[in-house]
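Asks: Sequence plus the predicted model coming up.
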Amino acid sequence: MALAPPAALGRVISCLPRPLHPPPMLSARLLRHRLAAASASSSPLRFVAAMSSSSASAHGGAGKPNRLAAEHSPYLLQHAHNPVDWYPWGDEAFEKARKLDIPIFLSIGYSTCHWCHVMEVESFENEEVAKLLNDWFVSIKVDREERPDVDKVYMTYVSAMYGGGGWPLSVFLSPNLKPLMGGTYFPPDDQYGRPGFKTILRKVKDAWETKRDALEQTGNVVIEQLRDALSAKASSQDVPNDLAARYVDQCVEKLASSYDPKFGGFGSAPKFPRPVEDCIMLYKFRKHLEARQESEAQNIMKMVTRTLQCMARGGVHDHIGGGFHRYSVDECWHVPHFEKMLYDQGQIANVYLDTFVITGDEYYSSVARDILDYLRRDMIGEEGEIFSAEDADSAEYEGARKKEGSFYVWTSKEIEDTLGENTELFKNHYYVKSSGNCDLSGMSDPHNEFSGKNVLIERKPGSLIASKFGKSVDEYSQILGDCRQKLFDVRSKRPRPHLDDKVIVSWNGLAISAFARASQILKSGPPGTKYYFPITGCDPVEYLQVAEKAANFIKDKLYDASSKRLHHSYRNGPAKAPGFLDDYAFLINGLLDLFEYGGKIEWLLWAVQLQVIQASENILVEFLDVTFHAHCIIFCHNYKHSQDELFLDKEGGAYFNTPGEDPSVLLRVKEDYDGAEPSGNSMAAINMIRLSSIFDGAKSEGYKRNVEHLLAVFETRLRELGIALPLMCCAADMLSVPSRKQVVLVGDKGSAEFRNMVAAAFSSYDPNRTVIQIDPKNTEEMAFWESNNANIAQMALGSPTEKPAVAHVCQEFKCSPPVTSPGSLRELLNKTVAAAGSSV
């Protein structure tokens with residue numbers, strides 16, 4: 001669909017002809033609030049003059065290759081045959097700009113970005129535009145997924161200056177890389193009273209020659225303001241406990257006030273799945289239950305379940321192939337922006353898994369399986385690596401120009417020709433019409449691009465349609481599954497959207513978490529459950545294997561064994577960019593889930609190695625020396641390459657997003673916004689809270705102190721704009737809990753009894769729980785626990801040896817009597833919430 005560029009465009013263009021003056025000094029608080037608002041509203045909005053996506057073509061024409069042909073990034077390779085004399089981000093381009101004393105044109109995007117494709121076709125493949133760029137500028141192309149640090153600098157600038165952002169990001173820089181002016185998508189020619197890209201290039205050249213001092217002064221001042229605003233320091237070492245619960249309450253109240261009771265979701269169109277919103281709602285649901293506030297809990301749960309049902313039934317969900325598209329352009333989750341992103345899939349799957357645990361409704365576990373099976377089928381490489389994204393655009397047939405959604409939409413005739421006698425049943429179920437069905441909202445298809453086309457959506461309960469056709473629900477579901485399989489086979493013969501097969505550590509971390517958690521949570525489903533295409537109905541243990549294989553790929557390919565540092569991404573080898581905060585934090589989260597849900601201590605050891613609390617270096621070296629001598633060597637010589645040493649502001653608190661080693665990256669940002677992805681600081685806070693419950697003594701206290709200092713940095717934001725930081729609000733409340741619940745499972749990990757006990761441990765929803773699996777006969781494991789948590793080691797040693805599985809549940813510094821059956825463990829874990837939870 002024709003997506004309009006962000007609204008910031010008009011403001012940016014209108015400022016170009018005028019001399020620029022240094023902006024007024026903006027307070028740190030105002031800048032942060034403006035940036036949060038811009039981030040929350042940076043999605044592309046429609047406008048009537050939008051360029052149709054039908055203009056987008058296949059990438060990489062037959063022209064002479066430029067420097068980008070030597071790169072590995074799929075996005076840069078898409079531009080490798082443009083007539084523009086592109087440079088990748090690096091010293092060669094910077095030196096040329098300084099030598100010629102000309103400005104830089106920086107274009108940032110990613111390979112599955114619709115408007116990036118449009119601007120390429122309209123401008124970067126245009127010989128006239130290319131000549132202007134080649135004569136007057138040094139042009140640099142950046143893949144935002146490969147270099148999120150560079151993107152963060154200039155997206156922050158555009159968002160702060162003009163109130164909005166998006167991709168493609170188009171910024172003009174001085175030779176010293178300071179921003180001069182910027183925007184997003186620019187059409188090639190003047191229209192509707194606004195200058196086009198060619199006019200803008202001429203005006204920037206003129207401004208550089210006649211108003212250079214003012215431009216450079218503006219860039220310098222803005223970067224300094226942003227540097228001060230986004231590297232906030234804590235005024236104290238912690239946040240009072242009584243405020244922590246208030247942060248969660250205020251965030252939930254804000255979300256509830258924006259809830260759409262008709263179509264679910266929070267806010268209006270365009271609607272994005274923002275899983276962190278559901279996470280804090282579920283977190284508050286649990287707190288209501290613990291406080292015996294059952295009515296309030298059910299009200300929260302109704303909002304979450306309605307949202308998840310509408311998402312899964314809508315066109316934003318790919319009913320034929322599984323998984324979710326990026327967002328819906330309308331309020332009813334019907335017509336999506338069709339790209340699929342890995343970071344969405346992992347987070348959304350986890351929300352459906354949590355909702356399944358709470359409700360016991362197989363509907364939610366089926367959607368989680370749908371997502372994970374889509375990833376297994378289409379997004380995983382031969383070595384277990386999980387790819388980044390699939391494009392929104394594709395050709396209707398070989399050789400045709402690409403259009404958004406071509407791979408996913410259907411005509412009524414296509415369905416009739418494929419399904420035969422089951423056509424009417426299928427068309428009734430998915431609201432298929434001969435005239436096309438993109439008519440549910442004025443925002444769905446305002447330019448009639450999908451006239452005669454259908455985006456599948458479920459508008460009525462299947463049981464009602466089954467009754468209408470005289471079918472049992474099981475028979476009806478089987479027919480629908482068979483129909484989806486047939487359409488999948490037909491769709492598979494169409495030209496596929498571009499696959500971005502880049503492997504990003506942070507996004508793999510999110511997916512590893514979902515696969516690991518699914519391997520146990522899905523065991524709570526009733527035996528004999530039937531699944532229908534595209535769900536495979538596999539044994540949940542297969543999901544654990546996927547998670548472990550992905551983690552091993554990262555360790556083998558993206559983790560430097562000599563320096564003990566992560567790389568950010570991989571495609572035909574590791575990328576030049578180092579690992580960033582999100583890579584460490586999201587991977588650590590995934591490794592902790594692998595440890596808890598899979599039981600192998602090796603994942604905990606790697607998570608600790610990647611984290612390392614600076615205040616506890618000596619303790620960590622000591623315990624690894626006792627337990628695994630090889631790991632001691634790693635820590636002794638390479639602890640400086642952990643998350644804490646690379647990113648932690650030891651004096652001011654919290655984590656920067658980059659190591660700060662690259663002088664071409666002008667800003668180190670302490671990111672806090674939990675948007676489409678959680679912030680690295682929010683995830684790091686929760687990781688350390690989890691680690692603090694695994695270790696005892698000084699090690700545990702070191703983790704907690706770091707979280708307290710981190711939260712103190714963002715205390716004002718938590719208090720005044722908590723809706724922008726839902727996951728960090730949860731972290732603040734988690735830290736205030738006097739003692740996190742520990743479930744210690746002791747026995748033979750290979751026995752069926754032990755495996756059943758593990759499944760029972762995860763059969764209830766409790767975000768303040770840690771599960772530890774120990775085999776007392778494993779001498780290395782026991783040595784680890786004896787050195788790091790004597791209480792847990794004693795539980796293992798004191799458990800009855802004749803029992804294959806024993807569970808200890810401890811909280812608030814006391815333990816319940818051990819239990820030896822899965823049923824007894826479930827009863828023990830659910831005794832405070834069973835009645836309320838079952839009524840949802």
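Replies: On my side now, so go ahead. Numbering: from 1, shown residues only.
Asks: And the helices in the stretch 101-250 of the chain?
Replies: Counting by DSSP state H, counting those that start in this stretch, the stretch 101-250 of the chain has helices at residues 114-119, 127-136, 148-162, 197-210, 212-229, 241-257.
Asks: Residue 559 is nearest to which of these?
Replies: Nearest of these to residue 559, taken as CB to CB: helix 148-162 at 18.6 Å. All C-beta spots, glycine's among them, are computed from the backbone N, C-alpha and C.
Asks: Surely residue 829 is in contact with residue 764?
Replies: Yes. Between residue 829 and residue 764 there is a contact at 4.9 Å, judged by CB atoms under 8 Å.
Asks: which residues of the stretch 601-750 of the chain fall in helices?
Replies: Under DSSP H, counting those that start in this stretch, the stretch 601-750 of the chain gives helices at 601-611, 617-627, 629-638, 643-647, 680-692, 697-713, 715-720, 726-736.
Asks: Can you lay out those helices as CSV showing mean neighbour count, distance to residue 466 and mean pLDDT?
Replies: Shown next, in CSV, are those (neighbours: other CB atoms under 10 Å; distance: least, CB to CB, whole Å; pLDDT from 0 to 100):
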stretch, mean neighbour count, distance to residue 466, mean pLDDT
helix 601-611, 22, 44, 95
helix 617-627, 18, 58, 42
helix 629-638, 15, 57, 40
helix 643-647, 22, 52, 89
helix 680-692, 25, 43, 97
helix 697-713, 21, 51, 94
helix 715-720, 18, 48, 93
helix 726-736, 25, 38, 96
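Asks: Now render those as a markdown table, adding distance to residue 515.
Replies: Listed next are the helices of the stretch 601-750 of the chain as a markdown table, based on distance: least, CB to CB, whole Å:
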| stretch | distance to residue 515 |
| --- | --- |
| helix 601-611 | 13 |
| helix 617-627 | 27 |
| helix 629-638 | 25 |
| helix 643-647 | 22 |
| helix 680-692 | 17 |
| helix 697-713 | 26 |
| helix 715-720 | 31 |
| helix 726-736 | 20 |
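Asks: Between the ones you listed, which one is closest to residue 462.
Replies: When these are ranked by proximity to residue 462 (CB to CB), helix 726-736 comes first, at 32.7 Å.
Asks: packing partners for the closest one?
Replies: Where contact means 3 or more CB pairs under 8 Å, 6 or more residues apart in numbering; DSSP states H and E, helix 726-736 is packed against helix 241-257, helix 275-290, helix 680-692, helix 697-713, helix 715-720.
Asks: what residue ranges in the chain score low on pLDDT?
Replies: Residues of the chain meeting the criterion pLDDT under 70: 1-62, 241, 613-641, 832-840.
Asks: Would you mind saying which of the helices of the stretch 101-250 of the chain lies nearest residue 479?
Replies: Closest to residue 479 of these, according to CB to CB: helix 114-119, at 34.9 Å.
Asks: and that closest one, what does it pack onto?
Replies: Helix 114-119 is packed against no helix or strand, with contacts defined by 3+ CB pairs under 8 Å, 6+ apart.
Asks: Centre of the chain to that helix, how far?
Replies: Offset of helix 114-119 from its chain centre (CA atoms, centre = their mean, to the nearest Å): 22 Å.
Asks: Kindly report the same for stretch 587-604.
Replies: 19 Å.
Asks: What of stretch 778-789?
Replies: A distance of 35 Å separates the C-alpha centroid of stretch 778-789 from that of its chain, computed with CA atoms, centre = their mean.
Asks: Can you lay out the helices of the stretch 101-250 of the chain as CSV showing distance to residue 716 and mean neighbour count?
Replies: Below are the helices of the stretch 101-250 of the chain laid out as CSV (distance: least, CB to CB, whole Å; neighbours: other CB atoms under 10 Å):
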stretch, distance to residue 716, mean neighbour count
helix 114-119, 35, 26
helix 127-136, 43, 16
helix 148-162, 18, 24
helix 197-210, 37, 18
helix 212-229, 12, 17
helix 241-257, 11, 17
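Asks: closest to residue 403 out of these?
Replies: The closest of these to residue 403 is helix 114-119. By CB to CB, the value is 10.1 Å.
Asks: In CSV, please show the C-alpha coordinates belonging to the closest one.
Replies: As requested, the backbone C-alpha atoms of helix 114-119 are provided in CSV (Å, rounded to 0.1, in the frame of the first residue of the first chain):
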residue,chain,number,x,y,z
HIS,A,114,9.0,0.1,1.4
TRP,A,115,9.7,3.9,1.1
CYS,A,116,13.4,3.1,0.8
HIS,A,117,12.5,1.2,-2.3
VAL,A,118,10.4,4.0,-3.6
MET,A,119,13.1,6.6,-3.1
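Asks: how much space between residue 567 and residue 506?
Replies: Distance, residue 567 to residue 506, by CB to CB, to the nearest Å: 12 Å.
Asks: Of these two, which one has the most company?
Replies: Taking other CB atoms under 10 Å, residue 567 and residue 506 do not tie; residue 506 has more neighbours (28 against 20).
Asks: residues in contact with that one?
Replies: Each residue near residue 506 by CB atoms under 8 Å, 6 or more residues apart in numbering is listed here: 343, 568, 580, 582, 583, 585, 586, 587, 677.
Asks: rerun at 6 Å
Replies: Counting by CB atoms under 6 Å, 6 or more residues apart in numbering, residue 506 makes contact with 582, 583, 586.
Asks: now those in TSV, with neighbour count and secondary structure?
Replies: Supplementary listing: these in TSV, determined by neighbours: other CB atoms under 10 Å; DSSP: H, G, I helix; E, B strand; the rest coil:
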residue	neighbour count	secondary structure
582	27	helix
583	28	helix
586	29	helix
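Asks: ok, so of those residues, who is nearest residue 544?
Replies: Closest to residue 544, out of all of these and judged by CB to CB, is residue 586, at 18.5 Å.
Asks: okay but the closest one is in contact with residue 509, surely?
Replies: Yes. Counting by CB atoms under 6 Å, residue 586 does reach residue 509; the two are 3.4 Å apart.
Asks: how many neighbours does residue 527 have?
Replies: Quick note: residue 527 (other CB under 10 Å) scores 5 neighbours.
Asks: Now that residue 358 has come up, it's in contact with residue 765, right?
Replies: Yes. In terms of CB under 6 Å, residue 358 counts as a neighbour of residue 765; the distance is 4.8 Å.
Asks: So what's the residue count around residue 528?
Replies: The burial count for residue 528: 5, using other CB under 10 Å.
Asks: which SS class is it?
Replies: With DSSP: H, G, I helix; E, B strand; the rest coil as the basis, residue 528 sits in coil.
Asks: Any idea which of the helices of the stretch 601-750 of the chain gets closest to residue 384?
Replies: Closest to residue 384 of those, according to CB to CB: helix 601-611, at 14.7 Å.
Asks: Let me see the residues that make contact with that closest one.
Replies: For helix 601-611, using CB under 6 Å, 6+ apart, the contacting residues are 584, 588, 591, 592, 594, 595, 643, 781.
Asks: again with stretch 540-550
Replies: 384, 386, 508, 512, 515, 516, 518, 519, 522, 523, 594, 598.
Asks: again, but for stretch 173-180
Replies: 97, 98, 104, 106, 157, 171, 172, 215, 216, 219, 220, 223.
Asks: so which pair among the residues you listed is furthest apart in space?
Replies: 98 and 157 (20.4 Å).
Asks: Tell me what the closest residue in space to residue 393 that isn't next to it in sequence is bridged to.
Replies: Using CB to CB, 6 or more residues apart in numbering and skipping the chain neighbours, the partner closest in space to residue 393 is residue 402 (4.1 Å). Beta-bridge pairing for residue 402 (DSSP bridges): residue 395.
Asks: Please tell me how far residue 402 sits from residue 382.
Replies: For residue 402, the distance to residue 382 equals 27 Å [CB to CB].
Asks: And residue 251, by the same measure?
Replies: Residue 251 is 42 Å from residue 382, by CB to CB.
Asks: Please apply the same query to residue 345.
Replies: For residue 345 relative to residue 382 (CB to CB), the value is 20 Å.
Asks: Residue 537 now?
Replies: Look at residue 537 and residue 382: by CB to CB, they are 24 Å apart.
Asks: Which one's more surrounded, these two?
Replies: A direct count of neighbours by other CB under 10 Å for residue 537 and residue 382 places residue 537 higher, at 12 against 6.
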